[in-house]
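Trainee: One predicted model, sequence on top.
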Amino acid sequence: MNDAERERYDETNRKVLEESKRFDAALPELRKCLLGRYVIFLNGEVVDHFATMDEAYKVALKRLGEDAAFVLSQVRRGDSPFHGPPEGTCSNCGVRSAEHWWTGEGGVMAAAHGQAAPWCERCCVTAQLEHARTVASDVSELEERLAALEKTP
């Protein structure tokens, strides 16, 4: 990531975190009419709402673009996904108690956009190990590319 891309990422991340605070503040009102729905939230308002996360995410990207500082989250009882540990069963295995919010490869941006799933410790470690193995397999190829690049002016 170059400096300009990093700046754009950091600015979008800052805006998403601000928007998440507005979302949290709006939750009491949202629960009255949109409980259980997945909402696209931008500039302190609901842009649209859907029955599924996938549908909401596709529409959000189409309408707002990848760099838009929106929040996408399910309106539910209790704390928003931005605060506190998850409750209930792991949504990945469906067996153990959820202990963490899992965002996969999406990281902070996925979490801020409400794309975090309640996972157990075992599922999190298993997914992290799988990712580490995948990344490790790229090391020799990257070393070869770097060596080739260092030979050229």
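Mentor: Yep, it's here.
Trainee: only C-alpha atoms for contact and neighbour calcs from this point on.
Mentor: Fine.
Trainee: quick one: the helices in the chain?
Mentor: Applying DSSP state H to the chain gives helices spanning 3-34, 53-64, 107-112, 121-137, 139-151.
Trainee: Give the buried residues for the last one.
Mentor: Of the residues in helix 139-151, none is buried under the neighbour-count criterion (16 or more other Cα atoms under 10 Å).
Trainee: for stretch 14-23, what is the average pLDDT?
Mentor: For stretch 14-23, mean pLDDT is 86.
Trainee: Let's see it as PDB, backbone CA atoms only.
Mentor: Output in PDB follows, covering the C-alpha atoms of stretch 14-23 (Å, rounded to 0.1, in the frame of the first residue of the first chain):
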ATOM      1  CA  ARG A  14     -11.800   7.300  10.800                       C
ATOM      2  CA  LYS A  15     -15.100   8.200   9.200                       C
ATOM      3  CA  VAL A  16     -16.500   4.700   9.600                       C
ATOM      4  CA  LEU A  17     -15.700   4.700  13.300                       C
ATOM      5  CA  GLU A  18     -17.400   8.100  13.600                       C
ATOM      6  CA  GLU A  19     -20.400   6.700  11.800                       C
ATOM      7  CA  SER A  20     -20.500   3.700  14.100                       C
ATOM      8  CA  LYS A  21     -20.900   6.100  17.000                       C
ATOM      9  CA  ARG A  22     -23.900   7.700  15.300                       C
ATOM     10  CA  PHE A  23     -25.300   4.200  14.700                       C
END
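Trainee: can you pull the buried residues of that stretch?
Mentor: Lys15, Val16, Leu17, Glu18, Glu19, Ser20, Arg22, Phe23.
Trainee: What is the burial count for Ser97?
Mentor: 17 (other Cα atoms under 10 Å).
Trainee: my read: Ala117 touches Thr103, true?
Mentor: Yes. Under the criterion of Cα atoms under 8 Å, Ala117 makes contact with Thr103 at 6.6 Å.
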